[in-house]
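Peer 1: Any chance you can model this:
(chains A and B)
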Amino acid sequence: MTSVRALLTDSRSVVGLALLAGFALFGVFAPLLSPIDPLAQTDVVTTRFLPPLTVGQDGIRRLLGTDALGRDLFTRLAYGARISLAVGLLAVAVSLAVGGMVGVTAAMIGGLPERALMAVTDAALAMPRIVLLLVLVTLWQQSLLLVVLVLGFTGWMGVARLARAEVRGLLGRPFVEAARASGQGAARLLMRHLLPNAATPLIVAAALGVGNAIMLEAGLSFLGLGIPAPAPSWGNMIANGRDALVNAPWVATLPGLAVAVTVVACNLLGDGLRDALDPQSRLASRATPRRPAAGSSVPPARPDAAAAGTSP
Amino acid sequence: MNGQPLLAVDRLSKTFRSGGGLFGRARTIRAVHEVSFAIARGESLGLVGESGSGKTTLGRLILRLLTANSGTVHFDGTDVLTADRRTLRALRRRMQIVFQDSAGSLNPRMTIGSAVREPMTVHRLARRSELDTRVRTLFGEVGLDPILVDRYPHELSGGQRQRVGIARALSVEPKFVVLDEPVSALDVSVQAQVLNLLADLRERRSLTYLFIAHDLAVVRHLADRVAVMYFGKLVEIAPTPRLFAAPTHPYTTTLLAAIPVPDPRRARQRSMAGEPVGRSAGPDPAPAEPQPGSQPADACPFYPRCPHPAKDERCRREVPLLREIGVGRLVACHYADPSAPDRPPA
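Peer 2: Have a look, this model is predicted:
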């Protein structure tokens, strides 16, 4: 488990992991951290727009204040973490499954089927994702599952291209030829030689994809097309606070900050993973210098992702 | 033992298509063109040629790692190219390959011990409990310290990695091994060690080799016969000592002249005797990459670079076929002199 150790000695991945773990625990233990119901609207007139750290007339301390309907922001942020992280992870899982299957199948079969599969991928890639999302989301009843599926099925193309490129590259490598020469079947070849070597860029892309999916979910919810209304998602919390941005800036800023930090954490983790999973760089201290090409096929972390989270 | 060769290759051809894509026109490249030869049991055939001559492709075709366009390959009487999956699997136990790129031929995420173990698992050659012992025995046989079993390929030297490649090939106890430039990527000092190892193993396990190399000097030590390949075709086959003593094809002569002579005094003698020394005295190396289609299809492929004094119009009109000019000697040249007396080895 040397790669785990490498991951834990890299400051980027440690920060990323810590932040994500923090949000995850925040979400999981939400009911313990706050006794308040996230949907509860108390006396709106007296409890609306309470600034952070004030104690309301009911005697409850509002750690992060309240929104326009008097709902506790700390509580809603915690429950929102559940939704945001779940959507991010599940959507990427769907993308990975679909894209991985398409890409690996295309590369391994080759010929006409490969061309057909990649043509479909390119066609799907040619449609702007946001437009596609907006159309698809309005076709069915809003729900968490719908958001996950729609995000997953609009995000698999990059994975497919990456998986195909990786596997194609590997198929020409002598060690794969050696494996074939020793009589291995396609299944064993895939599990023992192709996937382990193609996994690194896919894992990195997945980590970055989680951040992206969280942002898109927030965007959809902000537009009122994501997670249905009373449920606390970071996206619709930002939407709720938009009208009061001047009078009660904390209502929109706090969930925006949560989105931004989560996305940054995902990108940091992605970068750390890329290095930790490369056996060459893992042992750089006592062996050969590391290959510069190892991570070059991976999309770079996007610094603009952080900025976009707070803007709506 | 019978008189039947272990491996018989007949009129084997392979063309590659390159480029093309959706809109462009594909170009076809003849990598191997109607190559025929046979290897006897226990024999070691050297296959030499410059890079791009198709020798590596030929090795892959024989093992069916690439699909041939036409021709046949028979291994111990079994047709390799049309074998069904089960037969092919059985064949792969008996024919193995050692690659040039020792680093690339090992899975970077697998310890070298599991790399050697894997073929035995695939073919169910040993019980789980015996596997480790067998891996260690193989390590010992190729001169690797068994302590290294849990190392990863990048932690080893090039020579050690090549020994792992050899151990992996031997793990299934093959009869026939394609050695695809097994030492060209190694330091000269390590080359000699690996060549000696290959010679030992051949004797100990009575192996048959197809030894591919671009360097005649390396082949000399390990091959009983040498086949010279140029531009996808065999141009000469001869027993090793005879080929070195008296090459008949002008291309072979050129290749021999390109072997560097380590002893300057002998180099001088060679030049005084009128023999070409090194590249400079050989034929003009220009068109380094012979362009397909730059000359008539029925011309001798070596025509543009041929230094033979007798070359003429016939070489441009008629492709020379391999013909027998002596015992076990075949050459594809209209003007190779069969009556030339063998010169004593230099």
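Peer 1: How about A:Val102: what's its closest non-neighbour residue?
Peer 2: The shortest distance from A:Val102 to any non-neighbouring residue, by C-beta to C-beta, 6 or more residues apart in numbering or on different chains, is to A:Ala160 (4.2 Å). Where you see a C-beta, it was placed from the backbone N, CA and C, and this is true even at glycine.
Peer 1: Quick check: what element follows the one helix or strand that neighbour maps to along the chain?
Peer 2: Counting by DSSP states H and E, the element that carries A:Ala160 is helix A:156-171. Using DSSP H and E, the helix or strand that follows helix A:156-171 in sequence is helix A:174-181.
Peer 1: Tell me the buried residues in the helix or strand B:Arg93 falls within?
Peer 2: In this assignment (DSSP H and E), B:Arg93 forms part of helix B:85-94. Across helix B:85-94, burial judged by 16 or more other C-beta atoms under 10 Å in any protein chain shown covers B:88-89, B:91-94.
Peer 1: same deal with stretch A:210-224?
Peer 2: Buried-residue list, stretch A:210-224, by 16+ other C-beta under 10 Å: A:210-223.
Peer 1: Can you list the neighbours in contact with that stretch?
Peer 2: Counting by C-beta atoms under 8 Å, 6 or more residues apart in numbering or on different chains, stretch A:210-224 makes contact with A:83-85, A:87-89, A:91-92, A:129-130, A:133-134, A:137, A:147, A:151, A:155, A:226-227, A:233-236, A:238-239, A:255, A:259, A:262-267, A:270, A:305, A:308-309, A:312, all of which sit outside it.
Peer 1: can you pull out the strands in the stretch 201-346 of chain B?
Peer 2: B:208-213, B:225-230, B:233-239, B:323-326, B:329-331 (DSSP state E, counting those that start in this stretch).
Peer 1: Could you list the low-confidence segments of chain B?
Peer 2: For chain B, the stretches with pLDDT under 70 are B:1-3, B:19-24, B:264, B:266-297, B:337-346.
Peer 1: near chain A, which residues of it show up?
Peer 2: For chain B, the residues in contact with chain A (C-beta under 8 Å from any C-beta of the partner chain) are B:60, B:63, B:65, B:88-89, B:92-93, B:95-97, B:99-101, B:104-110, B:118-119, B:122-123, B:152, B:154-155, B:165, B:168, B:172.
Peer 1: Counting only helices, which of those residues make the cut?
Peer 2: B:60, B:88-89, B:92-93, B:118-119, B:122, B:165, B:168 (DSSP state H).
Peer 1: With distance to B:Asp145 as extra columns, can I get those residues in JSON lines?
Peer 2: Listed next are these as JSON lines, based on distance: C-beta to C-beta, whole Å:
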{"residue": "B:Arg60", "distance to B:Asp145": "32"}
{"residue": "B:Leu88", "distance to B:Asp145": "35"}
{"residue": "B:Arg89", "distance to B:Asp145": "32"}
{"residue": "B:Arg92", "distance to B:Asp145": "29"}
{"residue": "B:Arg93", "distance to B:Asp145": "27"}
{"residue": "B:Glu118", "distance to B:Asp145": "20"}
{"residue": "B:Pro119", "distance to B:Asp145": "21"}
{"residue": "B:Val122", "distance to B:Asp145": "25"}
{"residue": "B:Gly165", "distance to B:Asp145": "16"}
{"residue": "B:Arg168", "distance to B:Asp145": "16"}
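Peer 1: before we move on, back to that, and the buried ones among the contacts of stretch A:210-224, selectable in PyMOL?
Peer 2: Applying 16+ other C-beta under 10 Å to the contacts of stretch A:210-224 leaves a buried subset, and the PyMOL line that selects it is:
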select buried, chain A and resi 83+84+85+87+88+89+91+92+133+137+147+151+155+226+227+233+234+235+236+238+239+255+259+262+263+264+265+266+267+270+305+308+309+312
